[in-house]
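What follows is a protein structure lacking sequence information:
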């Protein structure tokens, strides 16, 4: 196993997200349940920071790689004006179906070429997405382009090291039911220093950076024993960034 930079020949399996359907919101015997658990902790943090930074309730927000709409729909319920963009039309249909406000706008599009003018949004999010593309620097540059000066860029991804491979990739394959092959590729994981460099190259100053890890509780041990991720499974913010991490950057000006 080589721990190195992203390769143009890596074969990550992004097709799996096109076929989840209702399982985005219902499946417990699937790693998508881990995404739901992560969102239960992360979404309020994102909403609170946006609310602290901006006073207007109609703050325009772009959620890149929104998938089934876990973050977009939460932000819409919080009263923000949300655009969710994803390459999967099936995922977008599910996201729209679960939008209790019917106010989020979902668009099929390419994160390398965002279909928006410069300085359109006050916040841009790329959560659990950057490790699924070959050129994350292009996505960060596009996010910065459509972000207004003083706007916020939120990101969440995985650190690239042996521990992330062992626990974040192999551990999920071993212990969570119906984990497909190549759901993640270590070569596409991003070291925090690389994330900071991509932000700095686009006038984005990282303001907060937090580690992110599962809570070791009864639900965690139940998952190891049964392969099922219950609704009581939880994640928490931690000091180290050995595996997953998330942060927010502010655009200069």
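Happy to help now that I have it. No experiment lies behind these values; they were computed from the predicted model shown.

any chance you could map the helices in the stretch 1-150 of the chain?
For the stretch 1-150 of the chain, applying DSSP state H, counting those that start in this stretch gives helices covering 23-26, 32-53, 70-77, 89-97, 136-145.

quick one: residue 103 and residue 78 touch, right?
No - counting by CB atoms under 8 Å, residue 103 stays clear of residue 78, with 10.9 Å between them. Using the backbone N, CA and C atoms, a C-beta is placed for each residue, glycine as well.

what about those two, which has more around it?
Taking other CB atoms under 10 Å, residue 103 and residue 78 do not tie; residue 78 has more neighbours (19 against 13).

Now for the more buried one: which residues touch it?
47, 51 (CB atoms under 8 Å, 6 or more residues apart in numbering).

how near is it to residue 196?
28 Å (CB to CB, to the nearest Å).

neighbours of residue 49, just the number please.
16.

right, I mislabeled it, should have said residue 63
31.

and what of the one 4 residues further on?
Using other CB under 10 Å, residue 67 has 26 neighbouring residues.

Against residue 201, how distant is it?
For residue 67, the distance to residue 201 - CB to CB - is 26 Å.

unless I'm mixing things up, residue 204 is touching residue 250, no?
Yes - contact criterion CB under 8 Å: residue 204 and residue 250 qualify, at 7.0 Å.

Which of those two has more residues huddled nearby?
Using other CB under 10 Å as the criterion, residue 204 and residue 250 rank with residue 204 on top: 25 against 19.

List the residues that contact the more buried one.
140, 144, 147, 153, 249, 250, 251, 252.

what pLDDT does the third one get?
Note for residue 147: predicted pLDDT of 98.

what sits against it?
Counted by CB under 8 Å, 6+ apart, residue 147 has contacts 119, 121, 122, 123, 124, 153, 204, 251.

can you pull the pLDDT of residue 5?
33.

Now do the shared contacts for residue 204 and residue 250.
The contact lists of residue 204 and residue 250 share residue 153, where a contact means CB under 8 Å, 6+ apart.

List the residues that contact the nearest residue to residue 11 once chain neighbours are set aside.
Spatially, and ignoring its direct neighbours in sequence, residue 11 is nearest to residue 182 (5.8 Å; CB to CB, 6 or more residues apart in numbering). Neighbouring residues of residue 182 by CB under 8 Å, 6+ apart: 11, 12, 13.

For this structure, give me the ranges with low pLDDT.
1-10 (pLDDT under 70).

Can you show me the strands along it?
60-64, 81-86, 105-108, 121-127, 147-158, 204-214, 235-238, 244-251 (DSSP state E).

Adding distance to residue 40, write those strands out as JSON lines.
Below are the strands of the chain laid out as JSON lines (distance: least, CB to CB, whole Å):
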{"stretch": "strand 60-64", "distance to residue 40": "16"}
{"stretch": "strand 81-86", "distance to residue 40": "18"}
{"stretch": "strand 105-108", "distance to residue 40": "21"}
{"stretch": "strand 121-127", "distance to residue 40": "13"}
{"stretch": "strand 147-158", "distance to residue 40": "13"}
{"stretch": "strand 204-214", "distance to residue 40": "12"}
{"stretch": "strand 235-238", "distance to residue 40": "8"}
{"stretch": "strand 244-251", "distance to residue 40": "14"}
